[in-house]
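In: The sequence isn't on hand, but the structure is:
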């Protein structure tokens with residue numbers, strides 16, 4: 001099963017993703033992995049990582065830190081595993097901005113890796129950010145980033161079993177609510 005959870009900052013999307021990942025994992029025999037993609041650039045990022053570590057202490061995640069090139073971790077995973085990828089936004093950032101290099105079009109490779117990851121494991125829960133509605137015109141790099149993330153979010157939504165929008169701690173189901181009801185997660 002593939003679950004996509006999209007939301008803005010402080011929307012509780014990661015908390016919901018941790019909950020769903022843990023419960024999906026309990027239904028099987030595999031490991032529960034937290035695929036951490038954030039590459040910390042400053043003290044604010046380090047604080048965010050620290051908060052995420054603290055928040056997921058109650059779950060039995062095994063953490064894999066991989067900022068880029070997800071295909072390099074596939075050999076560590078089995079068909080019974082559940083993976084929480086947090087976050088797609090960080091992954092896109094890391095793939096687009098490599099050192100001083102700017103890779104404008106990364107969506108195809110990221111989608112290829114995510115599709116493959118989805119076939120390698122039993123459950124894949126993906127956290128992504130909603131960064132599209134502030135009405136501000138940004139520089140060309142940021143606009144390219146937003147376009148790439150938007151393309152990936154749309155394509156992911158098309159092949160995900162469940163698509164959830166987290167907003168101010170509330171969940172809006174755009175696809176697959178009945179799947180989670182069948183699993184008794186609602």
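Out: Cool, got the structure. Note that the coordinates shown come from a computational prediction; the quantities given were computed from them, not determined experimentally. Residues are numbered from 1 along each chain as shown.

In: going forward, measure contacts between C-alpha atoms and count neighbours the same way
Out: Noted.

In: For the longest helix along the chain, list every residue counted as buried.
Out: With secondary structure taken from DSSP state H, the chain has its longest helix at helix 140-159. Under the neighbour-count criterion of 16 or more other CA atoms under 10 Å, helix 140-159 has 144-153, 156-157 buried.

In: How about stretch 102-112, which residues are buried there?
Out: By neighbour count on 16+ other CA under 10 Å, the buried set for stretch 102-112 is 106-107, 110-111.

In: Stretch 46-64 too?
Out: Going by neighbour count (16+ other CA under 10 Å), the buried part of stretch 46-64 is 49, 56, 61.

In: again with stretch 108-128
Out: Neighbour counts over stretch 108-128 (16+ other CA under 10 Å) mark 110-111, 113-115, 117-118, 120-128 as buried.

In: helix or strand for residue 35, which one?
Out: Element membership for residue 35, per DSSP states H and E: strand 32-36.

In: Just the residues contacting that strand, thanks.
Out: For strand 32-36, contacts defined as CA atoms under 8 Å, 6 or more residues apart in numbering pick out 21-22, 25, 60-67, 81-87.

In: The same query, at a cut-off of 10 Å, please.
Out: Identification of contacts with strand 32-36 by CA atoms under 10 Å, 6 or more residues apart in numbering yields 18, 21-26, 49, 52, 56, 59-67, 70, 73, 77, 80-88, 90-91, 123-126.

In: of all the buried residues of stretch 102-112, which two lie farthest apart?
Out: Distance extremes for the buried residues of stretch 102-112: the farthest pair is 106 and 111 at 8.7 Å, using CA to CA.

In: Now, the contacts of strand 32-36 that are in strands?
Out: Taking DSSP state E, the ones among those that sit in strands are 62-65, 82-86, 123-126.
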